[in-house]
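A.B. asks: can't give you the sequence, but here's the structure:
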Ligand SMILES: Cc1ncc(C[n+]2csc(CCOP(=O)(O)OP(=O)(O)O)c2C)c(N)n1
């Protein structure tokens, strides 16, 4: 893939922080997979491994008081926006200490203190929430920006076009971030998505760009420009990120040969890995030595182990609370 994009060069501090955060997300997801396979976690989960550059690149361009909305594949977004590992694991395990007191699980983690309005299991469902958050930010006279993460499967949902129309008319501070990981469940997106993706937001007069989602520095550069533009009254934008999920649609989707080849998976893992690409760049620029990257990995691993131990030991909510905070 060759996408030419402007790239503001970033300093060592930010690059190392992005490396650390992408590593944390990857290790978190590997551990979530283990929790599922060892039957410690109720339900299933959708792993973000391979797509870390998108969440981290975009969220690194945000302030804490900016907003995000997320999807069923949302752990990476939550961690990139500042969620704590221990409370995330606790939510996955249904524990009282979790972000939704154990009642939301993997697909409903919300963390308002860090500006995360929540994951959403309805494909396209969060597009209305993000646009509403942007309207609220504008009406309250703030300069907060809302980011709407969604997979390319949501391009088939009508609400996206209703909200892009409103966002453009009212110049709302929202950036729609489309994570195109090539597949809607088990169907290649080209079988479900007609025409030019960027032509859709452009039809509403929305600034639309695309970027290599495996290159966290490029994602950051584009996001930083679009976020500042929205913050300064420039209106909504759309960022199409080309990426890939290494694992199945969810943790139970292990036999994938009927819809994509092992060669394709191997190619992305071996030549398009966001951690490897940033690590190589850091070393080439002499901003980090292999030992520095190893230390960051060790620190992230320790954070995961501590968070996991906390969640495993944490109590479940009391059965008397079963109907509290639950809506039907
Ligand atoms: C409205 C709606 N329709 C169908 C589903 C079932 N479903 C869950 S995930 C998914 C595919 C989503 O693909 P995409 O948006 O590209 O996100 P990805 O899983 O690739 O991250 C579907 C069809 C759903 N959750 N919501």
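C.D. replies: Received the coordinates, thanks. All figures in this text were calculated on a predicted structure; none of them were measured in a lab. Numbering: from 1, shown residues only.
A.B. asks: got a pLDDT number for residue 321?
C.D. replies: At residue 321, the pLDDT value in this model is 89.
A.B. asks: which residue packs closest to it, ignoring adjacent ones?
C.D. replies: residue 101 (7.6 Å; CB to CB, 6 or more residues apart in numbering). From N, CA and C alone the C-beta is placed, and that goes for glycine too.
A.B. asks: What number of neighbouring residues does the one you found come out with?
C.D. replies: 17 (other CB atoms under 10 Å).
A.B. asks: Quickly note the distance from it to residue 41.
C.D. replies: Residue 101 sits 16 Å away from residue 41, going by CB to CB, to the nearest Å.
A.B. asks: contacting residues for the one residue sitting closest to the centre of the chain?
C.D. replies: Nearest residue to the geometric centre of the chain (CA atoms, centre = their mean): residue 77, 3.4 Å. Residues counted as contacts of residue 77 (CB atoms under 8 Å, 6 or more residues apart in numbering) are 48, 55, 59, 68, 70-71, 116, 119, 149.
A.B. asks: Check it and give its pLDDT.
C.D. replies: 98.
A.B. asks: What segments of the stretch 51-200 of the chain are strands?
C.D. replies: Assigned by DSSP state E, counting those that start in this stretch, the strands in the stretch 51-200 of the chain fall at 67-69, 146-151, 174-180, 183-184, 187-188.
A.B. asks: neighbours around the residue nearest to residue 219 when sequence neighbours are not counted, how many?
C.D. replies: The shortest distance from residue 219 to any non-neighbouring residue, by CB to CB, 6+ apart, is to residue 57 (2.7 Å). Using other CB under 10 Å, residue 57 has 30 neighbouring residues.
A.B. asks: hang on, isn't residue 57 packed against residue 220?
C.D. replies: Yes: here residue 57 reaches residue 220: they are 4.3 Å apart, a contact under CB atoms under 8 Å.
A.B. asks: Show me the common contact partners of the two, please.
C.D. replies: Counting by CB under 8 Å, 6+ apart, the residues touching both residue 57 and residue 220 are residue 18.
A.B. asks: So which residues on the stretch 151-300 of the chain come close to the ligand?
C.D. replies: Residues of the stretch 151-300 of the chain found near the ligand (CB under 6 Å from any ligand atom) are 151-154, 181, 183-185, 249.
A.B. asks: Can you list the low-confidence ranges for the stretch 1-150 of the chain?
C.D. replies: 1-8 (pLDDT under 70).
A.B. asks: who in it is up against the ligand?
C.D. replies: Close to the ligand, as judged by CB under 6 Å from any ligand atom, the stretch 1-150 of the chain has residues 72-73, 121-123.
A.B. asks: swap the cut-off to 5 Å and go again
C.D. replies: 73, 122-123 (CB under 5 Å from any ligand atom).
A.B. asks: Restrict the contacts of residue 77 to the buried ones and give me that as a PyMOL selection.
C.D. replies: Those of the contacts of residue 77 that count as buried under 16 or more other CB atoms under 10 Å are selected in PyMOL with:
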select buried, resi 48+55+59+68+70+71+116+119+149
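A.B. asks: Looking at this structure, which helix is longest?
C.D. replies: helix 12-37 (DSSP state H).
A.B. asks: same for it, what does it pack against?
C.D. replies: For helix 12-37, the packing partners by 3 or more CB pairs under 8 Å, 6 or more residues apart in numbering; DSSP states H and E come out as helix 52-59, helix 75-80, helix 85-92, helix 216-231, helix 274-284, helix 290-313.
A.B. asks: returning to that earlier point: so for residue 327, which of the strands of the stretch 51-200 of the chain sits nearest?
C.D. replies: Nearest of the strands of the stretch 51-200 of the chain to residue 327, taken as CB to CB: strand 67-69 at 17.6 Å.
A.B. asks: next one: the closest one to chain centre, how far?
C.D. replies: Centroid separation between strand 67-69 and its chain, computed with CA atoms, centre = their mean, to the nearest Å, is 10 Å.
A.B. asks: Which secondary structure elements does it sit against?
C.D. replies: By 3+ CB pairs under 8 Å, 6+ apart, strand 67-69 packs against helix 125-139, strand 146-151.
A.B. asks: ok, 10 Å please
C.D. replies: Applying 3 or more CB pairs under 10 Å, 6 or more residues apart in numbering; DSSP states H and E, one finds that strand 67-69 contacts helix 52-59, helix 75-80, helix 125-139, strand 146-151, strand 174-180.
A.B. asks: Please check the residues of the stretch 1-150 of the chain next to the ligand and keep the buried ones.
C.D. replies: For those, a burial check counting by 16+ other CB under 10 Å picks out 73, 123.
A.B. asks: I'd like the residues of the stretch 1-150 of the chain next to the ligand as a markdown table, with distance to residue 202 appended.
C.D. replies: Below are these laid out as a markdown table (distance: CB to CB, whole Å):
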| residue | distance to residue 202 |
| --- | --- |
| 73 | 26 |
| 122 | 26 |
| 123 | 22 |
